[in-house]
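A.B. asks: I need the structure of the sequence given here:
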Amino acid sequence: MKINNVFIVFFAMFLPNVTGVQAQEEKDSIVNVAFGTVAREDLQGAVSIVNISDLMKKNYTVNSLDGLQSLVGGYTGNIWGQGALILIDGIPRDASMVRSSEVETVTILKGANAVALYGSKAAKGAVLITTKRGTVKPLSIDIRANTGLYLPKSYPAYLNAAEYMTLYNEACVNDGISKRYDDALIYHTATGENPYRYPDIDFFNSDYLRKAYNKTDVTGEISGGNERARYYSNFGMSYNNGLVKYGDQAKNNDLRFNVRANLDMNLTKWLTASTDAAVIISDNYTGRGSFWGASSTLRPNWFSPLIPVDMLDPNNSSLQTIVDNSNHIIDGKYLLGGTSTDLTNDFADMLAAGYVKYKERKFLFNVNVGADLSSIMKGLSFKTGYSVDYTDYYSEAWRVYYAVYEPTWANMNGKDMIIGLTKYNEDTNSTNEYLGDSRYSQTMSFKAQFDYNRTFDNIHNVSAKLLGWGYQTQSSVDANHDGSAYHRVSNANLGLQVAYNYNRKYYLDFTGAVVHSAKLPEGKREAFSPAFTLGWRISDESFFKENVSFADHLKLTASYANLHQDIDISDYYLYKGYYDDRGGWYQWHDNSAGGWATGSKRGDNSDLTFVQRKEFRAGLEASLFNKLLALDANYFLQYTNGGLTQGASTIYPSYFNSWDYSFLPYLNYNRDKRTGVDFTVNMNRKIGQVDATFGLAGMYFSSKAVRRDEVYQDAYQYRTGKPLDAYWGYICESFFEDPADIAGHATQTFGEVKPGDLKYKDVNNDGVIDSKDEVDLGQNGWAVSPFTLGLNLTLKWKNFTFFASGTGNAGAIGFKNTGYYWVKGSSKYSEVVWGRWTEETKKTATYPRLTTTDASNNFRNSTFWMYKANRFDLSKVQITYDFPKYLFKNIFAQDLSVFFNGENLLTLSKERKLMEMNVGSVPQCRFFNIGFKISL
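C.D. replies: Sure, this is the predicted structure:
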């Protein structure tokens with residue numbers, strides 16, 4: 001007991017929270033919402049809750065928002081297709097600032113009625129991350145440790161040097177030019193007899209890469225308290241290295257430490273306080289050079305990164321002098337290779353150029369005070385809070401400049417030998433690190449609110465909330481820390497919420513916010529955002545109970561809201577016109593010279609105002625078949641009105657705008673429509689000795705551009721009426737077979753066309769293929785696919801728990817339009833070119849003819865490159881074993897769990913190979929992890 005009191009005093013003195021105390025038995029019935037909490041049964045729709053603390057017992061994660069798509073309908077990393085405001089303990093923060101082990105719950109606020117109190121910046125939805133709090137209990141200590149391996153799923157497949165040169169020669173022939181590589185060179189390269197003279201660089205082998213890399217993390221949690229003070233602390237460390245094991249990049253790693261302390265205090269019977277503090281220290285070591293970028297661009301035959309010293313002509317003393325004077329003899333065996341066009345290269349950078357250490361320090365602090373004012377008015381309370389967050393980022397770097405050498409080879413007495421070296425650049429020495437770039441950001445927030453909650457005659461429940469809230473973020477403007485932006489990112493609003501329910505059967509809620517934006521002209525900077533919500537627990541009606549016996553619970557909700565936001569107003573002063581001294585170049589009358597004239601670049605609009613989110617929503621919440629099934633669903637119809645445009649096409653005359661001047665102002669004109677249905681279904685059942693829970697979450701979503709300022713010659717090209725994420729391109733009919741086929745087809749205007757090039761449909765029948773023949777080919781799903789799905793399964797048998805989750809999407813399309821597929825000029829060839837068109841393969845070809853040009857006719861979005869992006873991913877599988885408690889009766893431990901899990905395990909898709917392959921970046925990996933948690 002004395003130890004417990006010591007810890008309480010310690011945390012009360014030194015540690016820092018944000019909400020009030022929640023008893024353990026209430027945690028599942030109380031939900032965090034905007035500026036407060038509400039009983040789960042009183043939620044008015046479009047709000048989803050995930051208890052991360054409970055979820056972690058069967059699904060270990062590091063990042064606070066990992067895997068939510070498999071649990072929450074309508075959430076796919078964004079909410080209903082739009083980016084959400086992230087708040088940690090009620091304060092706008094990045095989700096990366098908190099780890100899953102620190103989090104108690106995550107609340108997804110989807111409907112406009114649920115986010116109205118947050119004002120403009122939350123008008124597209126909000127995610128509330130609530131950290132853990134101390135509770136009334138003896139001191140408890142939890143320790144968790146994990147370690148695992150990342151195993152690459154796949155690497156890009158490129159042609160080797162001999163294959164590349166062979167097919168590049170074919171491209172030369174196709175273009176009617178001489179072959180670039182002779183047969184002898186290709187032969188010697190293919191044999192692999194001397195990889196330094198006949199290089200054949202393969203990035204994806206054990207010379208450069210590990211088979212796997214490691215990630216390890218350790219977390220400690222301390223919590224407890226009494227009626228006067230309750231504390232929670234989290235201490236964590238994580239470390240990972242990387243796949244590359246070459247040069248300084250072999251040392252690549254990330255190291256992170258985090259400390260959090262949350263403290264809640266009852267100062268008097270009517271006064272409470274809480275304070276939270278968190279520190280995050282992140283260090284990254286990165287060797288110079290872009291290994292992954294070079295892997296997608298450097299041709300395999302181009303040059304040898306290393307020049308062997310033992311192959312230098314021993315009779316040429318000048319060569320030995322070069323070796324003696326070089327600062328960079330790699331492993332005592334090699335000079336750095338290069339060419340006149342490759343004065344530096346990524347291999348040499350990794351070996352000799354040095355490193356960069358990136359360092360980031362974050363400090364988060366918030367304090368809150370609450371007062372019970374029941375002595376003044378029964379049910380009245382007051383809360384206020386202040387927060388300040390500071391992030392400092394800087395880099396320490398070491399940079400060395402180096403010489404590279406291009407060898408001259410000869411064959412002497414049947415042996416390859418270097419008889420000359422051409423030097424490029426000079427070696428330099430450096431013994432000092434230097435400060436690279438430096439950035440900072442600071443966010444401050446303040447809130448104050450009165451709350452009123454009272455029940456009359458045990459059936460009339462009344463609540464009200466009046467608040468003021470604002471935050472402001474200031475960031476350095478550039479990497480050199482020369483200054484900060486003149487305007488800070490700000491949000492300020494007043495909020496009012498009044499709610500009434502009759503015996504928890506009939507609900508009426510009004511929420512409103514007065515929002516302010518400095519981005520708008522005077523007189524237009526304030527607006528009122530109202531939201532109205534109705535709810536009906538129809539299952540409490542006698543007629544329902546008598547006739548619908550299979551329904552345990554059914555509640556219907558509906559809401560309408562009109563939120564005003566400036567998120568889609570990209571900058572300040574867009575309402576102001578301005579002039580520029582480069583308003584146009586004018587020739588003197590005698591044609592002897594000319595000069596720049598001052599000209600208008602934008603017109604004024606003193607009526608520019610907020611963008612509006614007008615939304616109607618209907619929701620259903622049900623429990624069926626004696627709690628076998630639980631269902632939550634929402635239908636939403638949302639219009640975004642007043643999106644900005646300048647009216648160049650239909651609103652203003654053409655003389656308002658030209659290439660060198662413009663009088664066009666920004667105005668509120670565009671209108672978008674989003675509609676959909678999200679759903680979350682959970683089934684619980686005991687099958688023999690197995691407790692089974694199955695969850696299904698998803699969303700049907702569609703969008704449409706309702707109004708745009710546009711003019712097209714053909715009706716099918718109007719963006720109005722099309723999805724917001726419409727993908728435009730050409731309809732590919734086939735390959736051109738011969739010159740007669742080209743002559744008989746509409747003229748294609750994208751460069752020279754030959755047999756083996758792509759043939760496009762003349763959609764408007766004007767005899768010309770140009771931009772007028774682009775059509776809507778489908779949705780790209782950049783915000784969200786038309787259909788998204790999440791699955792989760794929990795099976796518990798005795799002390800074993802099995803958990804699996806997966807996500808899927810359907811209805812979107814993509815294009816194979818990266819450099820891996822669009823091989824231009826002398827670019828690196830991937831395996832896809834094996835299917836190229838030739839006279840012999842014209843009937844079976846899967847790829848256009850090869851060419852040394854940029855092939856602009858072939859490499860543009862069309863149905864030839866299009867694929868369906870339908871997929872299902874098995875995201876997570878975990879098996880947990882909880883040791884029986886009787887094993888710990890007489891020892892210091894209270895609980896022990898061990899678990900094994902795998903992440904990103906499987907993708908099911910017709911285009912699986914494409915979807916699992918990264919080009920020019922770190923590969924996608926499967927992660928296999930083992931860990932334990934012990935409670936003391």
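A.B. asks: can you pull out the helices in the stretch 701-850 of the chain?
C.D. replies: 739-743 (DSSP state H, counting those that start in this stretch).
A.B. asks: any weak-confidence spans in this protein?
C.D. replies: For the chain, the stretches flagged by pLDDT under 70 are 1-28, 477-486.
A.B. asks: Could you find the closest non-adjacent residue to Arg228?
C.D. replies: Asn266 (5.5 Å; Cβ to Cβ, 6 or more residues apart in numbering). C-beta coordinates here come from the backbone N, C-alpha and C atoms, glycine included.
A.B. asks: ugh, typo on my part, it should be Val922
C.D. replies: Trp292 (5.9 Å).
A.B. asks: Could you verify my assumption that the one you found touches Gly920?
C.D. replies: Yes - using Cβ atoms under 8 Å, Trp292 is in contact with Gly920, at 5.9 Å.
A.B. asks: Check the gap between the residue nearest to Val922 and Ala250 for me.
C.D. replies: 15 Å (Cβ to Cβ, to the nearest Å).
A.B. asks: do Ser856 as well
C.D. replies: 41 Å.
A.B. asks: Between the two, point out the one with more neighbours.
C.D. replies: Between Ser856 and Ala250, counting by other Cβ atoms under 10 Å, Ala250 is the more crowded of the two (15 against 12).
A.B. asks: Next up, the contacts around that one.
C.D. replies: Val244, Gly287 (Cβ atoms under 8 Å, 6 or more residues apart in numbering).
A.B. asks: how about stretch 395-402: buried residues?
C.D. replies: Ser395, Ala397, Trp398, Arg399, Val400, Tyr402 (16 or more other Cβ atoms under 10 Å).
A.B. asks: is it true that His553 touches Ser539?
C.D. replies: Yes - in this structure, His553 is within contact of Ser539 by Cβ under 8 Å, at 5.0 Å.
A.B. asks: related to what we said a few turns ago, my understanding was that the residue nearest to Arg228 contacts Gly225; is that so?
C.D. replies: No - if you go by Cβ under 8 Å, Asn266 and Gly225 don't touch, sitting 10.1 Å apart.
A.B. asks: out of the two, which sits in the busier spot?
C.D. replies: Neighbours of Asn266 and Gly225, each counted by other Cβ under 10 Å, are more numerous for Gly225; the result is 25 against 17.
A.B. asks: Can you tell me the closest non-neighbouring residue to the more buried one?
C.D. replies: Looking at Gly225 with Cβ to Cβ, 6+ apart, the closest residue is Gly134, at 4.4 Å.
A.B. asks: and that neighbour, which of the three is it?
C.D. replies: coil (DSSP: H, G, I helix; E, B strand; the rest coil).
A.B. asks: Could you tell me which residues make contact with it?
C.D. replies: Under the criterion of Cβ under 8 Å, 6+ apart, the contact list for Gly134 reads Phe11, Val21, Ser223, Gly224, Gly225, Ala229, Arg230, Tyr231, Tyr232, Asn262, Leu263, Asp264.
A.B. asks: beta partners for the fifth one?
C.D. replies: Okay, so that is Gly225. Bridge pairing for Gly225 (DSSP bridges) gives the partners Lys137, Arg230.
A.B. asks: What distance do you get for it to Leu364?
C.D. replies: Using Cβ to Cβ, Gly225 is found at 21 Å from Leu364.
A.B. asks: and what of the last one?
C.D. replies: Using Cβ to Cβ, one obtains 17 Å as the distance from Asp264 to Leu364.
A.B. asks: Could you check which of those two has the larger neighbour count?
C.D. replies: Asp264 (28 against 23).
A.B. asks: what is the closest residue to Leu373 other than its chain neighbours paired to in the beta sheet?
C.D. replies: With sequence-adjacent residues excluded and distances taken as Cβ to Cβ, 6+ apart, Leu373 is closest to Leu380, at 4.2 Å. Counting by DSSP bridges, Leu380 forms beta bridges with Tyr452.
A.B. asks: is it true that Leu380 touches Asp451?
C.D. replies: Yes - Leu380 is in contact with Asp451 according to Cβ under 8 Å; the separation is 7.4 Å.
A.B. asks: Which stretches in the stretch 601-750 of the chain count as strands?
C.D. replies: For the stretch 601-750 of the chain, strands defined by DSSP state E, counting those that start in this stretch occupy the ranges 611-624, 629-645, 667-687, 690-707, 726-729, 732-735, 747-748.
A.B. asks: I'd like those as TSV, with mean neighbour count and distance to Val47 appended.
C.D. replies: Shown next, in TSV, are these (neighbours: other Cβ atoms under 10 Å; distance: least, Cβ to Cβ, whole Å):
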stretch	mean neighbour count	distance to Val47
strand 611-624	20	9
strand 629-645	19	9
strand 667-687	18	11
strand 690-707	19	14
strand 726-729	18	31
strand 732-735	16	46
strand 747-748	17	54
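A.B. asks: Ok, which of those comes nearest Asn174?
C.D. replies: Among the strands of the stretch 601-750 of the chain, strand 732-735 comes nearest to Asn174, with 13.0 Å by Cβ to Cβ.
A.B. asks: other SSEs contacting the closest one?
C.D. replies: If you count contacts as 3 or more Cβ pairs under 8 Å, 6 or more residues apart in numbering; DSSP states H and E, strand 732-735 packs onto strand 758-760.
A.B. asks: Could you give me the buried positions within the strand it packs on?
C.D. replies: Neighbour-count burial for strand 758-760, counted by 16+ other Cβ under 10 Å, picks out Leu758, Lys759, Tyr760.
A.B. asks: for stretch 332-344, same thing?
C.D. replies: So stretch 332-344, judged by 16+ other Cβ under 10 Å, has buried residues Tyr334, Leu335, Leu336, Gly337, Gly338, Asp342, Thr344.
A.B. asks: which element follows the helix or strand containing the second one toward the C-terminus?
C.D. replies: In the assignment (DSSP states H and E), Leu335 maps to strand 334-336. Beyond strand 334-336 on the C-terminal side, the first helix or strand identified by DSSP H and E is helix 346-348.
A.B. asks: Given the helix or strand following that following helix, what are its sheet partners and their directions?
C.D. replies: The helix or strand immediately downstream of helix 346-348 is strand 354-372, counting by DSSP H and E. Sheet pairing of strand 354-372 (DSSP bridges) gives strand 271-287 (antiparallel), strand 380-399 (antiparallel).
A.B. asks: want to throw the ones you listed into CSV with distance to Asp89?
C.D. replies: Converted to CSV, the strands paired with strand 354-372 look like this (distance: least, Cβ to Cβ, whole Å):
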stretch, distance to Asp89
strand 271-287, 6
strand 380-399, 8
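A.B. asks: Alright, that wraps it up for me.
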